[in-house]
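>>> Sequence and predicted structure are below.
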Amino acid sequence: MSSLQSLDIKRRSATTTPSPSIREAHGGGEVAKLIDVSKCIGCKACQTACMEWNDLRDDVGTAAAGVYDNPTDLTEHSWTVMRFTEYENEATGNLEWLIRKDGCMHCEDPGCLKACPSPGAIVQYANGIVDFQEEHCVGCGYCVTGCPFNVPRISKKDHKAYKCTLCSDRVAVGQEPACVKTCPTGAIMFGTKKAMKDQAAERIEDLKERGFAQAGLYDPAGVGGTHVMYVLHHADTPSIYHGLPNDPKISPMVSLWKGVSKPLAMAALGVAAVGSLFHYITKGPNDVSKDLEDEMERKDEEAEARARAATQEDRP
Amino acid sequence: MRRNPRDLQRYNASERANHWIVGICFILLALSGLAFFHPAFFPLTALFGGGPWTRILHPYIGVVMALFFVLMALRFWRLNVIERRDIEWLKNVDKMVDGNDHNMPEQGKYNGGQKVLFWGLVIGMAVILVTGVLMWRAWWAPPITVIRVASVLHAVAAVWMIGLIILHVYAAIWTRGTIRAMLYGTVTRAWAKQHHRGWYRKVTGDDS
C-alpha cells in the first residue's frame, strides 16, 4: 500500500542503506493483533471481512468436504484461514475444539524480508507491520523459503507474492484491521503491542483460574516477537493448534544464505579478480620464451631450405 | 586461421562453439544470479529486462548451459584424468604462480591446474544444476527444508564456479598466446613446447 513516502520504514528488503524512517509509528509505538483462541467460535467472519475489505475472491472449492477448514490452506486470495483441530485432552478427558485463525504473524525479524532479493518488495513499518509491495515483486518465492510460518503464497496468475497486510491501509488511517472490526466475540483485538500484552495477561490469568494451567501468550522470541499474537490455553504445546511452530525462528540455512555468505562470497570473488590483476602487473605475463620462438623459426628455415633443395633436384 | 602453416590445431570448430555456448550462458547466469544474490548487483536485472524477466530467464539459460556443459565434459574428460606427472606439477605450482614455469614437469594437453579446474567445474555444475532445479518454483515446490538447503548450496556452488572461472579467464590472459586456441583453434609450436611439452611431442613427433 505504502510508498517510501510514509517516512516510517524500519526495514526494506535487499537494501543496505537506511530507508526514510524519520517518522515514528502513528499513534504511539508498535502495534499488534491479539487473537484469543479461547474466545474463538470458528464462525469465519474474519475470513469474510478479509476478502471483503481486500476485495479478494477465492475459488469455490470442494476440497474442504468433511472438514471445517475452508479453504483448506492459505492462498493468494485467502490471506487468513481458520484452522480447526479436534484435540483430546488426556489430562481432563475432554475433547477440545482448537480453532486458530492462521495468517501472517508479522514477525519483528521477518524471514521473508531477509530472504527477498528485490529492493523494496517487502517493507516493515515502524509500527511493526510487514507489508509486501507487489509492484517490486519478481516472483522468485524466496519469501516462502524464508518464512518460518509458511505464509506467503505466489499467485499462479501474476506470479507475485501475497499475504495478510494486517490491513496496513486501514491502520495507516487510524482504523483496526477488518478481521478485528468484524469479530463477533471480540476474540481478535488490536492496539499497541504493549496494550495487547496487558490484555493478554488478564486473559491468561482468567484462563488459569478456569483450569488451563498452561495458558499463555504466543509471542515467539525466536523471530523477535510477532505483531500477531495468540492467547493459547495450551501455550506449552503450540503445535497442537494445527501445527503452530513451537519455537519458530528463521532457518539457519536462510540465515547462512542471506547472512554471512554474502559478504564472504563478495570478498572471495573480489580477491580473485583484483588479485589476478595485481598478479599480472607484479609478475608480468607468462610469455613464450624467445629461445623457443627462435628455435621454431630455425626449424622453419631448415624445412624451407630442404624443400627448395628438393625442388631443385627434381628439375631436369 | 593458421598464420603459420606449421601452427598446431588445439581445438576444432565444434569444440570451440561448444565452449563458447557454455561461456556465454555462464556469463549471463553469473550476472543474473548475482543480481539475486546481493543487493549491490540487483541493478544487473536491467540487462535482462527487469526483475521478473531475470527470474524467468535464469533457470532456462541454466538448462542450456547444463546440456552443453555435459557435452563439453564428455568431449574432454579423458584428457583431464589426473596422472602422476600432474601431481608433480601441482606440487610445484608456486613456481608457476611466481612466473617461472621453465622448470615445471612436462605436461600433456592439460596441466595439473587445468585438470583440477575441470573437475572443480564438473562438481560445481552437478551441485548447481540439482539445487537449481529444486529451487525452480515456476514448475515445482519440494519440501521447504529441501529448498532451503538447495538455496544455500546453489549460492555456494555459484561462488565456487565464478571463482574458478575468474582463475580460468585470468590464466588464459596471463599465458600469452592461449586465447587464440579458443578463438580460432590454433597455437604456435613454441607455445605448445613451452606449456604442454608432452602434447607438443605427441602431435609433432618432435622429441627435442
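Received the coordinates, thanks.
>>> for residue 26, helix, strand, or coil?
Just so you know, I chose chain A. Following DSSP: H, G, I helix; E, B strand; the rest coil, A:His26 is assigned to coil.
>>> I'd assumed A:Ser168 was in contact with it.
No: between A:His26 and A:Ser168 there is no contact under C-beta atoms under 8 Å: 10.8 Å. In short, each C-beta sits where N, CA and C put it, glycine included.
>>> in the chain, which segments are predicted with low confidence?
No chain specified, so I'll use chain A. A:1-3, A:27, A:64, A:314-316 (pLDDT under 70).
>>> ah, I was thinking of chain B
In chain B, residues with pLDDT under 70: B:1-3.
>>> let's go with 90 and repeat that
B:1-6, B:96, B:98-106, B:206-208 (pLDDT under 90).
>>> Go ahead and flag the most central residue of it.
Against the mean C-alpha coordinate of chain B, by C-alpha atoms, centre = their mean, the closest residue is B:Ile165 at 5.6 Å.
>>> got the contact list for that one?
Counting by C-beta atoms under 8 Å, 6 or more residues apart in numbering or on different chains, B:Ile165 touches B:26, B:30, B:121.
>>> So for the host helix or strand of the first one, what gets flagged as buried?
Pointing back at B:Phe26 there. Assessed by DSSP states H and E, B:Phe26 sits inside helix B:13-37. Within helix B:13-37, the residues scored as buried using 16 or more other C-beta atoms under 10 Å in any protein chain shown are B:15-16, B:18-19, B:21-23, B:25-26, B:28-37.
>>> out of these, which touch chain A?
Filtering the buried residues of helix B:13-37 for neighbours of chain A using C-beta under 8 Å from any C-beta of the partner chain leaves B:35-37.
>>> For chain B, what's the nearest residue on the stretch 51-200 of chain A?
At 3.5 Å from chain B, A:Val138 is the closest residue in the stretch 51-200 of chain A, using C-beta to the nearest C-beta.
>>> Quick check: closest non-adjacent residue to that residue.
Counting by C-beta to C-beta, 6 or more residues apart in numbering or on different chains, A:Val138 lies nearest to B:Gly51, which is 3.5 Å off, once chain neighbours are set aside.
>>> Ok, B:Ala30 next?
Per C-beta to C-beta, 6+ apart, closest to B:Ala30 is B:Ile162, 5.4 Å.
>>> for chain B, what's the longest helix?
helix B:144-174 (DSSP state H).
>>> which residues touch A:Ala32?
Contacts of A:Ala32 by C-beta under 8 Å, 6+ apart are A:128, A:190-193, A:196-197, A:226-229.
>>> that older thread, looking at A:His26 and A:Ser168, which one has more neighbours?
Each of A:His26 and A:Ser168 has its neighbours counted (other C-beta atoms under 10 Å in any protein chain shown); A:Ser168 has more, 21 against 16.
>>> Surely the more buried one is in contact with A:Tyr125?
Yes: between A:Ser168 and A:Tyr125 there is a contact under C-beta under 8 Å: 6.9 Å.
>>> just to revisit the earlier point, number of residues surrounding the residue nearest to A:Val138?
Neighbours of B:Gly51 (other C-beta under 10 Å): 22.
>>> surely it meets A:Gly120?
No: using C-beta under 8 Å, B:Gly51 is not in contact with A:Gly120, being 10.8 Å away.
>>> Quick check: the gap between A:Thr237 and A:Asn89.
Using C-beta to C-beta, to the nearest Å, one obtains 11 Å as the distance from A:Thr237 to A:Asn89.
>>> actually A:Ala273, sorry about that
From A:Ala273 to A:Asn89 the distance is 63 Å (C-beta to C-beta).
>>> repeat for A:Thr48
For A:Thr48, the distance to A:Asn89 - C-beta to C-beta - is 30 Å.
>>> again with B:Tyr170
B:Tyr170 is 68 Å from A:Asn89, by C-beta to C-beta.
>>> and these two? which has more neighbours close in?
B:Tyr170 (17 against 14).
>>> Show the contacting residues for the nearest residue to that one once chain neighbours are set aside.
Once flanking residues are discounted, B:Tyr170 sits nearest to A:Ser276: 3.8 Å by C-beta to C-beta, 6+ apart. Contacts here follow C-beta under 8 Å, 6+ apart; on that basis A:Ser276 touches B:166-167, B:170, B:174.
>>> From these, pick the one nearest A:Tyr280.
B:Trp174 (6.1 Å; C-beta to C-beta).
>>> Excluding chain neighbours, what is closest to B:Pro39?
Counting by C-beta to C-beta, 6+ apart, the residue nearest B:Pro39 is A:Ala14, at 4.1 Å.
>>> With B:Pro43 instead?
B:Ala35 (7.5 Å).
>>> Repeat that for A:Ser289.
Residue nearest to A:Ser289 in three dimensions, not counting chain neighbours: B:Gln194, with 6.1 Å by C-beta to C-beta, 6+ apart.
>>> for A:Gly28, same thing?
Nearest in space to A:Gly28, with sequence neighbours left out and distances taken as C-beta to C-beta, 6+ apart, is A:Thr192 at 6.1 Å.
>>> Show me where chain B has its helices.
B:13-37, B:51-76, B:84-91, B:93-97, B:112-134, B:144-174, B:179-183, B:189-195, B:197-204.
>>> Rebuild those as a markdown table, extending it with distance to A:Asp158.
Formatted as a markdown table, the helices of chain B follow (distance: least, C-beta to C-beta, whole Å):
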| stretch | distance to A:Asp158 |
| --- | --- |
| helix B:13-37 | 19 |
| helix B:51-76 | 10 |
| helix B:84-91 | 53 |
| helix B:93-97 | 52 |
| helix B:112-134 | 24 |
| helix B:144-174 | 21 |
| helix B:179-183 | 43 |
| helix B:189-195 | 55 |
| helix B:197-204 | 56 |
